[in-house]
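**Student:** my questions concern the predicted model and sequence given below.
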Amino acid sequence: MEAGQSDPEALRWNRPGKKLRSLHRSSSACLRYGPIRVLVVVLGWIVACGVGAVLWRAALKFREQEFDLKCENRKEVLKSQVENNLNASFVIVGLLASVPEVSADMWVNFATRTLFLRPTVKRLVYVERVPAANRAAFERKWNTSILYINHSNVTEVRSANDTEYSPVVFETDDKVPKYLFVDAGAYPAYRSAIDAARDTGLFTLSPVTPRRDGTWQMGAYLAYYGPGRDYTSFSSTEARRQACRGYVGIVMNVTDVFHGVLSRFTDVDDMDVVAVFNVNSKLESFDSYNCSAAASSKSCAVPLFDPAGRASEFSKAAVTWEYGTQHFEVRCLPKRNLKLLALRAAIAWPLLMSLVVIFFSIIVYLVLKRMQAIEEEVRLMEKMNEDLNVAKLAAEAADKAKSNFLATVSHEIRTPMNGVIGMTNLLMGTNLTTQQLEYVKVVQASGNTLIALINDVLDLSKIEAGRMELESVAYDIRKEVDGVFLLFDDRAQQNKIELSMLVHDAVPNYIVGDPGRFHQILANVVSNALKFTREGNILVCVRAMRVSQGNKALFTAITIDQNSAVPGDVQPSQVLPDEPFSLVGSDGMKLYEDQDVAPRLSIQPGSESNRSEALDLWRKWEWKNLSGSHCKPPNQFILIVSVEDTGPGIPCHMEPRLFQPFSQADSNSSREHGGTGIGLFISQKLIKLMNGTIRVMSEPGKGSVFEFTLPASFADTAGGSKPQLPMEDKRLKGLHVALVDTDLVHREITASFLRYSGMHVELADDVQSTMEILQRTGGPTLQAVMVDIKGLPSAPAVELARSIRSTPSLKALSVLVLTSNPVSPPGEKELKDAGVSFIISKSLRLSTGSSVLLEAMGLKPQAPVKKKANDNVKLLLGKRLLVVDDNMVNQRVATSMLKRYGAIVSSVNSGIEDKKLDLVLMDIQMSEMDGWQATRHIRNWEVENCDTCCKSNVNWCRHNRLPIVAVTADAMKGTHAECFSSGMDDYITKPLDQKQLQSLLERFIKRDLVNVPPMTDVGS
């Protein structure tokens, strides 16, 4: 920059500084002069004094107002206490109004019983009003004269020199009554109060008078006009005078009343209270108040309460009140000088403000220093945010790459597996030798195992990514459990393990939830139990628990801390349903009460859950309402599923490893039993996602129990289609059978199955009790006797069969034997010779149980509707189908499967041939053009070549729509949504399964594909 020129930026910052420095120099020069400094100080002192004076006057005014309010409060409290005593005393007027002839005893009794209402009233009297003309009649009635007590305390007859008299008729006192028939109106102080009470109808007070004990008393009077009449019943004073019959009078110790009220305020630090009676100088008894003659023209005050002895001092805070002609005053005297107190407050306020200014100056300095530090911290945080944003973008890219990787891996693995499993399915449909068929089954089982492992890994990835979604549909809980058993029946029979299901009768047939995930959870737990159980039993027990107000507070909602979430946690928005419950506390103890859920039955002999008491509670438990009566299942309840096995058990120190991914309780067990160790981990995550809990109870050598809970809803089918009967054949409904088994729990398992099939079951545990049931009269006729030879050995079973056959009336009765293991030929011959009709192999399944029972009971089962050998061939007869896939193996598998149904099938690598088609099976991931893009081109072509749709703005043609089904090896949820959004009508996953394919083709024939838009003529 050249000389002479200045930097504008420097000028912008330097000019204000120069102005401030010049102002500072000029101010300093002014203050160097002495007179000016003195003037500034004096002016400051004057201003400070003025401000202090204003503050002092304001503080003094405030304290005086506060003092006056306190004094007014004392007066109001004292006044209300006096009025309460008067009102309580004059309650006795009701006695005069309700009883025509009141006697002295009645008066004394009533006054004594109501004494607690007026503790300071010393005497309660009734004074009768006697006009001068009625005096003689009054004296004859009471047989006495009207009396008068003179100044010498001598009782004499009242002189007849007055217009009316007021003799005391009834009196009550803590001492002997001595004022009976004394004329109260003969005393001027009382006469004025009595006349005022008669003329006004209100209670009046007489002046205070001294007592012998040094206290002061006061009389009060209220006129009595007769039953149902008061002063408002008369229009004039003269009318009230003529109607008045008498007066209720009291004598009250005003010193006690004032002391009882005002003594509560004597502990106040800033005030002394004085209560006085202002004497009327016109009273004849003026001299008795010790008021001087010089003060007769002024007011004379009688102190009624003056503990500090300050009655003679003047008080600005004094309040008065009147009762008729009687005047009372409360004076409040400060204990300390109010002016000094106000001055102290005025001085303290500026000092406090100075301290506040200094304090805030320090705060401002510290704030400025802190702001500099914050600026530096903000700069660092902004840099950190930039780094975090870069890391966030990298994490999102990694997550997207992970999803793409999973989709690609799923597709690339499922594609060759589609060839393996598909070809084995086709191979099994050809003529194979027994050994070849066995080999093919091994290959197929291995392929299915690999697919299951892939599905588990995908589920684990979905859960960790927070993308697992649940559905909510109605499903049959018993059929789902039975379906899980069908998966493991062959394996269980090979290991001689009995799989049993026990579902409580109170559990609804249909509940609302996610059947697929329930099936997956239960299959994982049962598979784990089957893996570690060499022999014995596995029991799945299903119960329901009510959600009542009594136990609802015991449940704890599952909450997820967003800030502490780790991979695998479930987001709250994914939770279903809305009301989560937990049945287990942090210490692992049960939180529900026995009456809220049926007890769990156990297959372990000797345990509490295997006894008759638990079985009785199991059978008696039912849904009840608040009144205790039976009701239908509630809309919401808790489903409790327990899987118990007779395996080796799990040591306590190994239980935490059960729900860790890719680990097992015993590291050696993975080599012995196989498995990846993620089944229980996935089950735990799914249960948590569904707002349930899972726990394990185990004891080494006594097996294990895995129990999980799930919130469920009752699926009320009353408004929809009525569910079918549980069993296939209705002829079982209403049959009566006797079930014999010594094992209580196994007997209940079999009985539950029979009851579910619609049969009536009677239970017995030995030969004698069974014969008693069979030979009784008057009961229902039994159609069969079932004997479980696992609980009742062969010898008693043979004895029972022979006893039945030897009884003429029971010869036609069917005797059935239930057995878990195959019976040896000699044993079977012995049972048949004894009269056993049929031997049934357990465990009974819902899908096949009806036909087995009907055959065993001699009834001809309904022949299932068998499909003819050529039914599948005719399913797609004449239909033209196209398979679009760039993989030749997949083309061949799909083409071969579809040709089994009689379809005309062709295949291409990509695109669609220009010819008439009925259905297209299109792969998603193809090299030249993916399936989604190809489908969009087809839908656009349909719209463009339709005379009607091309003229309107529509995305699809409803007049001629070609059904397109996606064949995808990507099992991710988003893939299915993308298929539907691109215009596909349905989808099927690889590897192609024969059952899934047939279900898809049946939907196609019925024109019921998943994503077919409304009003669409599919395949037309």
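**Tutor:** Right, received. Where do you want to start?
**Student:** so Ala196, which of the three states?
**Tutor:** helix (DSSP: H, G, I helix; E, B strand; the rest coil).
**Student:** which SSE is Arg156 in?
**Tutor:** No Arg there; residue 156 is Glu. strand 155-157 (DSSP states H and E).
**Student:** that strand pairs with which strands?
**Tutor:** Strand 155-157 has its sheet partners listed here by DSSP bridges as strand 147-149 (antiparallel).
**Student:** max-length helix in the protein?
**Tutor:** Ranked by residue count under DSSP state H, the longest helix found in the chain is helix 338-428.
**Student:** coming back round to it: following element in sequence after the strand holding Glu156, please.
**Tutor:** On the C-terminal side of strand 155-157, the nearest following helix or strand under DSSP H and E is strand 164-165.
**Student:** and that following strand, what does it pack onto?
**Tutor:** Applying 3 or more Cβ pairs under 8 Å, 6 or more residues apart in numbering; DSSP states H and E, we find strand 164-165 packed against strand 130-131. Just so you know, the C-beta spots here come from the backbone N, C-alpha and C atoms, and that holds for glycine as well.
**Student:** can you give me the mean pLDDT across the following helix or strand past the strand it packs on?
**Tutor:** Proceeding N to C from strand 130-131, the next assigned helix or strand is helix 135-142, under DSSP H and E. Helix 135-142 comes out with an average pLDDT of 90.
**Student:** dump helix 135-142 to CSV, restricted to CA.
**Tutor:** The C-alpha atoms that make up helix 135-142 are tabulated as CSV, following Å, rounded to 0.1, in the frame of the first residue of the first chain:
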residue,chain,number,x,y,z
ARG,A,135,-97.9,-9.0,87.8
ALA,A,136,-100.5,-10.4,90.2
ALA,A,137,-101.3,-13.4,87.9
PHE,A,138,-97.5,-14.1,87.5
GLU,A,139,-96.9,-14.1,91.2
ARG,A,140,-99.9,-16.4,91.8
LYS,A,141,-98.6,-18.8,89.1
TRP,A,142,-95.2,-19.1,90.6
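**Student:** distance from it to the middle of the chain?
**Tutor:** Put simply, helix 135-142 sits 82 Å off its chain's centre (Cα atoms, centre = their mean, to the nearest Å).
**Student:** swap in stretch 874-892?
**Tutor:** In terms of Cα atoms, centre = their mean, the centre of stretch 874-892 is set 56 Å apart from its chain centre.
**Student:** so for it, what gets flagged as buried?
**Tutor:** Using 16 or more other Cβ atoms under 10 Å as the test for burial, stretch 874-892 gives 875-876, 879-885, 887, 890-892.
**Student:** got the buried residues for stretch 119-127?
**Tutor:** Those would be Thr120, Val121, Lys122, Arg123, Leu124, Val125, Tyr126, Val127, for stretch 119-127 by 16+ other Cβ under 10 Å.
**Student:** quick one: contacts of it?
**Tutor:** If you take Cβ atoms under 8 Å, 6 or more residues apart in numbering as the criterion, stretch 119-127 is touched by 85, 88-89, 92, 96, 102, 107, 111, 118, 166-174, 179, 184, 194, 217, 221, 246-253, 256-257, 260.
**Student:** narrow these to those in helices?
**Tutor:** Applying DSSP H to the contacts of stretch 119-127, the entries found in helices are Asn85, Ala88, Ser89, Leu96, Trp107, Ala111, Ile194, Asp256, Val257, Gly260.
**Student:** wait, what's in contact with the last one?
**Tutor:** Think Gly260. Contact analysis of Gly260 by Cβ under 8 Å, 6+ apart lists Gln81, Thr120.
**Student:** can you rerun that using 6 Å?
**Tutor:** Counting by Cβ atoms under 6 Å, 6 or more residues apart in numbering, Gly260 touches no other residue.
**Student:** flag the shaky bits of the stretch 1-150 of the chain, pLDDT-wise.
**Tutor:** Applying pLDDT under 70 to the stretch 1-150 of the chain flags residues 1-34, 37, 41, 44.
**Student:** what do you get if the cut-off is 80, keeping everything else the same?
**Tutor:** Confidence mapping of the stretch 1-150 of the chain against pLDDT under 80 gives the ranges 1-45, 47-52, 55, 85, 88-90, 100, 115-120, 122.
**Student:** domain map for the protein?
**Tutor:** Per the TED database, the structural domains of the chain span 60-285+300-368, 394-468, 469-560+589-622+634-664+676-714, 730-857, 880-1006.
**Student:** and the ones in helices among the contacts of stretch 119-127, which two are the farthest apart?
**Tutor:** The span of the ones in helices among the contacts of stretch 119-127, defined through Cβ to Cβ, is set by Leu96 and Gly260 at 29.0 Å.
**Student:** Met417 reaches Lys990, doesn't it?
**Tutor:** No - using Cβ atoms under 6 Å, Met417 is not in contact with Lys990; the gap is 7.3 Å.
**Student:** give me the more crowded residue out of those two.
**Tutor:** Between Met417 and Lys990, counted using other Cβ atoms under 10 Å, Lys990 has the larger neighbour count: 29 against 18.
**Student:** what residues sit buried inside stretch 155-170?
**Tutor:** Those would be Arg158, Asp162, Glu164, Tyr165, Ser166, Pro167, Val168, Val169, Phe170, for stretch 155-170 by 16+ other Cβ under 10 Å.
**Student:** one step back: could you tell me the least trusted of the domains of the chain?
**Tutor:** Note on the domains of the chain: lowest mean pLDDT is at domain 394-468, with a mean of 76.
**Student:** how long is that one from one end to the other?
**Tutor:** 23 Å (Cα to Cα, to the nearest Å).
**Student:** likewise stretch 951-968?
**Tutor:** Stretch 951-968: ends 34 Å apart by Cα to Cα.
**Student:** list the contacts of it.
**Tutor:** So stretch 951-968 is in contact with 919-924, 931, 935, 939, 942-943, 946, 949, 975, 979, 984-988, 1015-1016, 1018-1019, going by Cβ under 6 Å, 6+ apart.
**Student:** go with 7 Å
**Tutor:** 885, 894, 917, 919-924, 931, 935, 938-939, 942-943, 946, 948-949, 975, 979, 983-990, 1000, 1004, 1009, 1013, 1015-1020 (Cβ atoms under 7 Å, 6 or more residues apart in numbering).
**Student:** make a PyMOL selection of the buried ones in these.
**Tutor:** Under the burial definition 16+ other Cβ under 10 Å, those of those that qualify are selected in PyMOL by:
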select buried, resi 885+894+917+919+920+921+922+923+924+931+935+938+939+942+943+946+949+975+979+983+984+985+986+987+988+989+990+1000+1004+1009+1016+1018+1019
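**Student:** the contacts of stretch 951-968 in strands, which ones?
**Tutor:** Leu919, Val920, Leu921, Met922, Asp923, Asp986, Tyr987, Ile988, Thr989 (DSSP state E).
**Student:** now these as a markdown table including distance to Ser704?
**Tutor:** A markdown table is the format used below for the ones in strands among the contacts of stretch 951-968 (distance: Cβ to Cβ, whole Å):
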| residue | distance to Ser704 |
| --- | --- |
| Leu919 | 50 |
| Val920 | 51 |
| Leu921 | 46 |
| Met922 | 48 |
| Asp923 | 45 |
| Asp986 | 43 |
| Tyr987 | 40 |
| Ile988 | 39 |
| Thr989 | 34 |
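**Student:** that older thread, could you tell me which of the contacts of stretch 119-127 count as buried?
**Tutor:** Buried, going by 16+ other Cβ under 10 Å: 85, 88-89, 92, 96, 102, 107, 111, 118, 166-172, 179, 184, 194, 217, 221, 246-253, 256-257, out of these.
**Student:** isn't Ala193 up against Gly219?
**Tutor:** Yes - taking Cβ atoms under 7 Å as the definition, Ala193 is a contact partner of Gly219 at 6.4 Å.
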